[in-house]
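K.L.:
make a model of this:
(4 chains)
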Protein chains: 2
Amino acid sequence: MTSDAPSKDSAQLSPVELDAYFALIEVSSLVRHAVEQQLREAGDLSYVQFQLLATLGDSPAGSSRMTDLADGVVYSRSGLTYQAQLLEQRGLVTRAPSREDERSTTVTLTDAGRDVLAAVFPGHIAVLKELLFEPLSGGDVEALAGVLGRVRTHLRASPPRSAAPRRRKSSS
Amino acid sequence: MTSDAPSKDSAQLSPVELDAYFALIEVSSLVRHAVEQQLREAGDLSYVQFQLLATLGDSPAGSSRMTDLADGVVYSRSGLTYQAQLLEQRGLVTRAPSREDERSTTVTLTDAGRDVLAAVFPGHIAVLKELLFEPLSGGDVEALAGVLGRVRTHLRASPPRSAAPRRRKSSS
DNA sequence: TATTGTTATACTCTATAACTATA
DNA sequence: TATAGTTATAGAGTATAACAATA
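P.N.:
Below you'll find the predicted structure:
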């Protein structure tokens, strides 16, 4: 333990950092894969579609603008359009031009959409409990939420390189 | 905060669990996306290709059987063949039947493969430091590695649902 | 002119099933 | 018969660029 600092200078990652990085990739990868299967089987939803439905379900009116929906879920606008089309074709959402701003499209969760969401939730939670939370203590979960929350805040604040193709363009 | 225990029974996730889950997905998603871009720009590598090269680079002989390579990197055998073909076409790896077991294919990292790996590493590390580790203390990193390490162990031990199409079939 | 969203298109990746060959 | 790997093929998802419409 000579230098346990995060080593912001050296061009190397410390062994602990490597551990953390590899574990993060492997865990998120496996969990996501398992969750995707469950969603596919229980409701024929891709993960992105689930995220969109869940986001709509969280909003009070069950609706949202396309641009707001895109936040964090998708990396390109056309990708969002594509997924929204699929959801609309299945009758899980509705799309209509916003009255406030005719350029915007308001996406709204339908009753059928809520049904699918409800059909999928229990299994979704079961997978998470079994795969992610089963081996963790309450303290572990808090630590995880705390640390990852800090990273998330950092990521949201820092210039998203090109994660967000458009949107949030201050100067230029 | 009546029941802060991990709540292994109720069919709901606690607020902290939800936090941890969402943060995990968002962070891993953003980090991975950023890393993928860097790898693409610096060495024209997909993340899976990078993982394969890096795995080979870690092994003493710079070579490995296909099946061993697949571990954790890919979810189907054909997917691995596909990526290995791409790497071979670019001259970054070599494929040859193993002498010990003629059924096996031994994949070996070439000098060109090592070069690409070397070309890509610094930027890779830089992205991780900037995006993932920048806002974390040494203790944070250790906590992260510890908790995720525990989950990883759990995931590796538990029946991979169908993550591993073949391989590791005890009874049957 | 800037913003919102869609469309067309090309491409990457993944997965299932059928198949070959060796143990 | 079981294992290692490849092939064919089909489908899902993503991204870029060009486009239309509104602010």
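K.L.:
CA only for contacts and neighbour counts going forward, please
P.N.:
OK.
K.L.:
what mean pLDDT does the longest helix along chain A have?
P.N.:
What stands out as the longest helix in chain A, according to DSSP state H, is helix A:15-43. The average pLDDT within helix A:15-43 is 96.
K.L.:
check whether it contacts DNA strand D.
P.N.:
No: with Cα under 7 Å from any atom of the strand as the criterion, DNA strand D is not reached by helix A:15-43; the gap is at least 8.4 Å.
K.L.:
CA atoms only: put the helix or strand following that helix into CSV for me.
P.N.:
Heading C-terminal from helix A:15-43, the first helix or strand you meet, by DSSP states H and E, is helix A:47-58. Extracted in CSV, the C-alpha atoms of helix A:47-58 (Å, rounded to 0.1, in the frame of the first residue of the first chain):
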residue,chain,number,x,y,z
TYR,A,47,-34.1,-3.7,-23.2
VAL,A,48,-34.3,-0.3,-24.9
GLN,A,49,-38.0,-0.8,-25.5
PHE,A,50,-38.4,-1.7,-21.9
GLN,A,51,-36.5,1.4,-20.8
LEU,A,52,-38.7,3.5,-23.0
LEU,A,53,-41.9,2.0,-21.6
ALA,A,54,-40.7,2.2,-18.1
THR,A,55,-39.7,5.8,-18.5
LEU,A,56,-43.1,6.7,-19.8
GLY,A,57,-44.7,4.7,-17.0
ASP,A,58,-42.8,6.8,-14.5
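K.L.:
buried sites along the next helix or strand after helix A:47-58?
P.N.:
Once the chain leaves helix A:47-58, the next helix or strand it forms, by DSSP H and E, is strand A:63-65. Within strand A:63-65, the residues that count as buried by 16 or more other Cα atoms under 10 Å in any protein chain shown are A:63-65.
K.L.:
and what of stretch A:136-146?
P.N.:
A:136, A:140-146.
K.L.:
stretch A:138-151 and chain B in contact?
P.N.:
Yes: against chain B, stretch A:138-151 shows contacts by Cα under 8 Å from any Cα of the partner chain at A:138, A:140-151.
K.L.:
now those residues as JSON lines including distance to A:T81 and pLDDT?
P.N.:
Formatted as JSON lines, the residues of stretch A:138-151 next to chain B follow (distance: Cα to Cα, whole Å; pLDDT from 0 to 100):
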{"residue": "A:G138", "distance to A:T81": "39", "pLDDT": "97"}
{"residue": "A:D140", "distance to A:T81": "38", "pLDDT": "98"}
{"residue": "A:V141", "distance to A:T81": "35", "pLDDT": "98"}
{"residue": "A:E142", "distance to A:T81": "36", "pLDDT": "98"}
{"residue": "A:A143", "distance to A:T81": "37", "pLDDT": "98"}
{"residue": "A:L144", "distance to A:T81": "33", "pLDDT": "98"}
{"residue": "A:A145", "distance to A:T81": "31", "pLDDT": "98"}
{"residue": "A:G146", "distance to A:T81": "33", "pLDDT": "98"}
{"residue": "A:V147", "distance to A:T81": "33", "pLDDT": "98"}
{"residue": "A:L148", "distance to A:T81": "29", "pLDDT": "98"}
{"residue": "A:G149", "distance to A:T81": "29", "pLDDT": "98"}
{"residue": "A:R150", "distance to A:T81": "31", "pLDDT": "97"}
{"residue": "A:V151", "distance to A:T81": "29", "pLDDT": "97"}
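K.L.:
quick one on the thing from earlier: elements contacting the longest helix of chain A?
P.N.:
On a contact count with 3 or more Cα pairs under 8 Å, 6 or more residues apart in numbering or on different chains; DSSP states H and E, helix A:15-43 meets helix A:47-58, helix A:111-128, helix B:15-43, helix B:138-157.
K.L.:
for the ones you listed, which one sits closest to A:A157?
P.N.:
Evaluated over those, closeness to A:A157 peaks at helix B:15-43, with 12.4 Å, by Cα to Cα.
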